[in-house]
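Undergrad: pasting the structure only:
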Ligand SMILES: Nc1ncnc2c1ncn2[C@@H]1O[C@H](COP(=O)(O)OP(=O)(O)OP(=O)(O)O)[C@@H](O)[C@H]1O
């Protein structure tokens, strides 16, 4: 494994039981992500993109194989350590923003930082900077319902990177937006990732956006393979 690998999946199996049958989604999948690298995951619906992201982000246990995050092999970690690793090392962005509705945009971005132990002042300062960077500094006091879809998603992206994770995992982060807004939000995400040197794995159905990443991969028969979008 090259020394700058931040995420490595090796021999990952993941299957789901469905009644009497077993659905094998990942079958010996290998993947690695290097520091500062951006990778698009483009594959048809139902092939296992979300499953791969959940396994990579320690949200789901694989049935076989090993996930190594920041040099730490995660297989034998206690649930507590996995949760701590996830909080410190992984940022998630989903298709739907999942912001907390009763809190402002600023507070939503502060939340993971407060959980990580930062003071309110530090968390507020960083949240403000991120909102400015995403060009929505003027909407910090607004609650999610008062923001447009593109603005909500920019807040969700800011929240995902608030704790400076090692890896950003995004599951169709612009899938719920119209093409113009999607392109704008994707550009903001791309700029933030590149400026901060984050490594990112981004699932998207949009080939045009995928081509803007350093490389593209797809899922074929449960394995990750390189792909020219
Ligand atoms: N918890 C689960 N229990 C049973 N089957 C599941 C579970 N999670 C996912 N699956 C099945 O595994 C397959 C892959 O799901 P996954 O969500 O990873 O696909 P995807 O490529 O992300 O799809 P989409 O692009 O539609 O979001 C699907 O057939 C899905 O129904």
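TA: Okay, I see it. Just so you know, these numbers come straight off a predicted model, no measurement behind them.
Undergrad: List the contacts of the most centrally placed residue in the chain.
TA: Residue closest to the average C-alpha location in the chain (Cα atoms, centre = their mean): residue 169, at 1.7 Å. Listed by Cβ atoms under 8 Å, 6 or more residues apart in numbering, the contact set of residue 169 reads 53, 56, 57, 90, 91, 92, 93, 200, 201, 202. Every residue, glycine included, has its C-beta placed from N, CA and C.
Undergrad: what's the answer for residue 50, then?
TA: 171, 203.
Undergrad: what about it, distance to residue 199?
TA: Per Cβ to Cβ, to the nearest Å, residue 50 is found 19 Å from residue 199.
Undergrad: count of neighbours near residue 45?
TA: For residue 45, the tally of surrounding residues (other Cβ atoms under 10 Å) stands at 7.
Undergrad: Over to residue 122?
TA: So residue 122, with other Cβ under 10 Å, has 13 neighbours.
Undergrad: I'd guessed it sits against residue 114; true?
TA: No - if you go by Cβ atoms under 8 Å, residue 122 and residue 114 don't touch, sitting 9.3 Å apart.
Undergrad: what helix or strand is the residue nearest to the centre of the chain on?
TA: In this structure, residue 169 sits in strand 167-171 according to DSSP states H and E.
Undergrad: Determine if any part of that strand is in contact with the ligand.
TA: No - for strand 167-171, no contact with the ligand is found by Cβ under 6 Å from any ligand atom; the gap never falls below 7.0 Å.
Undergrad: Can we start the residue count at 8 from this point?
TA: Sure thing, new numbering starts at 8, so read that last one as strand 174-178.
Undergrad: Just name whatever secondary elements whichever helix or strand comes after that strand is in contact with.
TA: Using DSSP H and E, the helix or strand that directly follows strand 174-178 along the chain is helix 186-203. Counting by 3 or more Cβ pairs under 8 Å, 6 or more residues apart in numbering; DSSP states H and E, the packing neighbours recorded for helix 186-203 are strand 45-48, helix 127-140, helix 156-168, helix 214-217.
Undergrad: what's helix 186-203 in contact with?
TA: Residues outside helix 186-203 that contact it (Cβ under 8 Å, 6+ apart): 43, 45, 100, 137, 140-142, 155-157, 160-161, 164-165, 168, 171, 175, 177, 180-182, 184, 205, 207, 209, 213, 215-216, 219.
Undergrad: give me that answer again for 6 Å
TA: Contacts to helix 186-203, defined as Cβ atoms under 6 Å, 6 or more residues apart in numbering, come from residues 45, 141, 157, 160, 161, 164, 181, 207, 216.
Undergrad: Ok, stretch 225-233 next?
TA: So stretch 225-233 is in contact with 33, 34, 36, 38, 49, 50, 54, 55, 224, 234, going by Cβ under 6 Å, 6+ apart.
Undergrad: relative to strand 174-178, how tilted is the one helix or strand the third one maps to?
TA: It refers to residue 36. Under the criterion of DSSP H and E, residue 36 resides in strand 28-41. Put simply, strand 28-41 runs at 140 degrees to strand 174-178, going by axes from the mean of the first three to the mean of the last three Cα atoms, to 10 degrees.
Undergrad: is the ligand contacted by strand 28-41?
TA: Yes - against the ligand, strand 28-41 shows contacts by Cβ under 6 Å from any ligand atom at 30, 32.
Undergrad: check contacts around the spatially closest residue to residue 217 that is not a sequence neighbour.
TA: Setting aside the residues directly before and after it, residue 217 is nearest to residue 47 in space (Cβ to Cβ, 6 or more residues apart in numbering), at 3.6 Å. Residues in contact with residue 47 (Cβ under 6 Å, 6+ apart) are 209, 211, 217, 220, 223.
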